[in-house]
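# my questions concern the predicted model and sequence given below.
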Amino acid sequence: MSIEDATNGYIRAIEASQKISGIFNIASGNYTVGEVGDLVKMAIEEQLGIRVHLTIHHKTDFGNYKVSIEKAENVLSCHAKHNVKAIVKDLIEHMDKFQDWDNPQYYNIDTLKLLSANISLRSLAEVAR
């Protein structure tokens, strides 16, 4: 899902009547991890004209990633506009803006570890007072 679609979903939820509640799934489609990999591969090959090789590890995944977006569409009038191909195209078009690929801000796990460490340090400082 694109950041624009996710943001639109949040805005629709915030602006909705307070009488509306519940869980709303917002997605641009139902894909397995493998399907997303294939779609990204095809988009990169098409956009950049380079061949991408995927290494497939056949691991059992017991998760069910199927979601229904009907409630978000019908109640919030929230419709995703960007598919995987469009998202990859946008990333490629703006790739020059993100040259420091090792920057922790681009990695959720690294960023969460830094935040966790900072929170722990603050907690220790408060206890020491």
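Perfect, I can see it now.

# so which bits of the helix or strand hosting Ala43 are buried?
Per DSSP states H and E: Ala43 is located in helix 33-48. In terms of neighbour count (16 or more other C-beta atoms under 10 Å), helix 33-48 has its buried residues at Gly37, Leu39, Val40, Ala43, Ile44. All C-beta atoms are positioned from the backbone trio N, CA, C, and that covers glycine.

# what's in contact with it?
Contacts to helix 33-48, defined as C-beta atoms under 8 Å, 6 or more residues apart in numbering, come from residues Tyr31, Ile50, Arg51, Val52, Leu54, Ile56, Asp61, Val84, Lys85, Val88, Lys89, Ile92.

# now do the helices in this protein.
Remark: helices assigned in the chain by DSSP state H are 3-15, 33-48, 70-75, 84-93, 108-128.

# so how far is stretch 54-72 off the chain centroid?
Distance of stretch 54-72 from the chain centroid (C-alpha atoms, centre = their mean, to the nearest Å) equals 14 Å.
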